[in-house]
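Trainee: kindly generate the corresponding structure for this input.
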Amino acid sequence: MTYQVVVSAGAAALAQPLVNTAVIDSNETNPDDDTASVAVAPPPAAETATPRITPPPTDAAELPATNPGSMLMIALLVIAAIALLVGLLTPAPARTTRRNRRP
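Mentor: Numbering: from 1, shown residues only. Take a look at the predicted model:
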């Protein structure tokens, strides 16, 4: 089933709700009509232009130049120091220390 809707150009300016009468007419059935109250919304406002956003200046924060590899070297030295401390502070198994004792 399909139907056609026609909205008058000035319908949104009229007092709301409007009274709408629809008639169904077919070759196979008798005509039938019904009345309903409908509201016609005003057309949407025109699209406005996209606002221009000014990005912040990128030259404002001048940081001193650093060597990018220096932090990597420090991180590797810290990891090596932790591994060395764990190796020195971990007690040896008891049977290894007993085998080297003389009675």
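
Trainee: and the helices in this structure, which stretches?
Mentor: 68-89, 94-99 (DSSP state H).

Trainee: pLDDT of the longest one, averaged?
Mentor: Think helix 68-89. Taken as a whole, helix 68-89 has a mean pLDDT of 89.

Trainee: can I get that helix in CSV? Just the C-alpha atoms.
Mentor: The C-alpha trace of helix 68-89 is given here as CSV (Å, rounded to 0.1, in the frame of the first residue of the first chain):
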residue,chain,number,x,y,z
PRO,A,68,67.1,10.7,22.6
GLY,A,69,69.4,7.7,23.4
SER,A,70,70.4,9.0,26.9
MET,A,71,67.2,7.9,28.6
LEU,A,72,67.5,4.4,27.0
MET,A,73,71.0,4.1,28.4
ILE,A,74,69.9,5.1,31.8
ALA,A,75,67.0,2.6,31.7
LEU,A,76,69.3,-0.2,30.7
LEU,A,77,71.8,0.6,33.4
VAL,A,78,69.0,0.5,36.0
ILE,A,79,67.8,-2.9,34.8
ALA,A,80,71.4,-4.2,34.9
ALA,A,81,71.9,-3.0,38.4
ILE,A,82,68.7,-4.6,39.6
ALA,A,83,69.7,-7.9,38.0
LEU,A,84,73.1,-7.7,39.6
LEU,A,85,71.6,-7.0,43.0
VAL,A,86,69.1,-9.9,42.7
GLY,A,87,72.0,-12.2,41.7
LEU,A,88,74.1,-11.2,44.7
LEU,A,89,71.4,-11.2,47.3
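
Trainee: same for it, what does it pack against?
Mentor: Using 3 or more Cβ pairs under 8 Å, 6 or more residues apart in numbering; DSSP states H and E, no helix or strand is in contact with helix 68-89. Placement of C-beta: from N, CA and C, glycine included.
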